[in-house]
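Asks: Predicted model and sequence below, questions to follow.
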Amino acid sequence: MANPGISVVRTAKDAQGAVAPNKVLKNTYMLLSATLGFSAVTAMLSLALAVPPWTYMASVIVSMVLGIFVLPRTANSASGIGVIFLITGLLGFGLGAILSMYLALPNGPQIVGLAFGGTATIFLGLSGYALTSKRDFSFIGGFIFAGMMVAMIAMIANIFLQIPALSLAISSVIILLMSGFILFDTSRIARGEETNYIMATYGIYLSIFNIFVSLLQILGIMGGDD
């Protein structure tokens with residue numbers, strides 16, 4: 001004879017297990033929205049101040065240092081919120097210097113608008129698919145890592161070669177890799193494998209940021225051929 005008490009306990013445990021990933025997912029998207037909004041504000045500030053182009057690289061370097069050495073140490077405390085806002089604010093401020101260059105082009109506003117719309121479409125489509133399909137995308141982790149190594153080598157080489165076609169290829173590969181990261185990270189959150197919403201936000205934010213910058217580069221190169 002079945003014991004109804006066991007069923008109740010199992011159901012309660014299953015429900016409790018489902019709540020944790022849902023809470024992390026909710027907190028991640030709330031923090032992601034806030035950091036993206038804050039980045040937009042700092043980008044507009046950067047545009048208003050007309051900062052020089054080197055500001056972008058300086059902001060990226062400082063934010064990388066913070067993301068590698070500081071954020072992991074503070075991600076389990078309230079100070080982690082301040083650190084991730086500092087990182088995303090810096091990236092937004094640096095992005096303003098890049099946006100000013102594209103906006104100065106004859107079709108600059110269209111390029112920026114298309115890049116923004118394309119980034120939003122890619123993120124919403126991929127995250128929606130990962131959440132609704134509930135597939136385990138951990139198998140693509142190795143491919144993404146290998147792809148990043150190849151992309152890094154190609155980027156270093158192109159610093160000296162300055163080949164527009166190679167730049168276009170690199171940007172396209174980065175978009176594919178960052179799309180893979182969105183699937184990978186969202187799947188880990190949904191499956192309860194990522195329990196820290198600050199680190200989850202950081203990973204997804206970087207993917208969105210890199211997709212946007214890469215789309216700007218692709219559209220800028222293609223628009224420059226007109």
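Replies: Great, that's in hand.
Asks: can we go C-alpha only for contacts and neighbour counts from here?
Replies: Noted.
Asks: Check the offset of stretch 25-36 from the chain's centre.
Replies: Distance of stretch 25-36 from its chain centroid, counting by Cα atoms, centre = their mean, to the nearest Å, is 12 Å.
Asks: got the contact list for it?
Replies: 84-85, 88-89, 189-190, 197-198, 200-202, 204-205 (Cα atoms under 8 Å, 6 or more residues apart in numbering).
Asks: Among those, find the lowest-pLDDT one for me.
Replies: Lowest in pLDDT among those is A190, which has 91.
Asks: give the contact list for it.
Replies: Taking Cα under 8 Å, 6+ apart, one finds P21, N22, L25, L131, K134 in contact with A190.
Asks: Of those, grab the buried ones for PyMOL.
Replies: Buried subset of the contacts of A190, written as a PyMOL selection, criterion 16 or more other Cα atoms under 10 Å:
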select buried, resi 21+25+131
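Asks: thought L183 was touching G125?
Replies: No. Contact criterion Cα atoms under 8 Å: L183 and G125 do not qualify, at 9.9 Å.
Asks: what about G142, helix or strand, and which?
Replies: Under the criterion of DSSP states H and E, G142 resides in helix 141-161.
Asks: Take the contacts of A190 and write them to CSV, including distance to S63, pLDDT and secondary structure.
Replies: Shown next, in CSV, are those (distance: Cα to Cα, whole Å; pLDDT from 0 to 100; DSSP: H, G, I helix; E, B strand; the rest coil):
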residue, distance to S63, pLDDT, secondary structure
P21, 28, 79, helix
N22, 29, 88, helix
L25, 24, 94, helix
L131, 29, 93, helix
K134, 32, 85, coil
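Asks: got the contacts of A190 as a markdown table, with distance to F116 columns?
Replies: Shown next, in a markdown table, are the contacts of A190 (distance: Cα to Cα, whole Å):
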| residue | distance to F116 |
| --- | --- |
| P21 | 29 |
| N22 | 28 |
| L25 | 23 |
| L131 | 22 |
| K134 | 27 |
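Asks: which one of the contacts of A190 is nearest V62?
Replies: L25 (27.5 Å; Cα to Cα).
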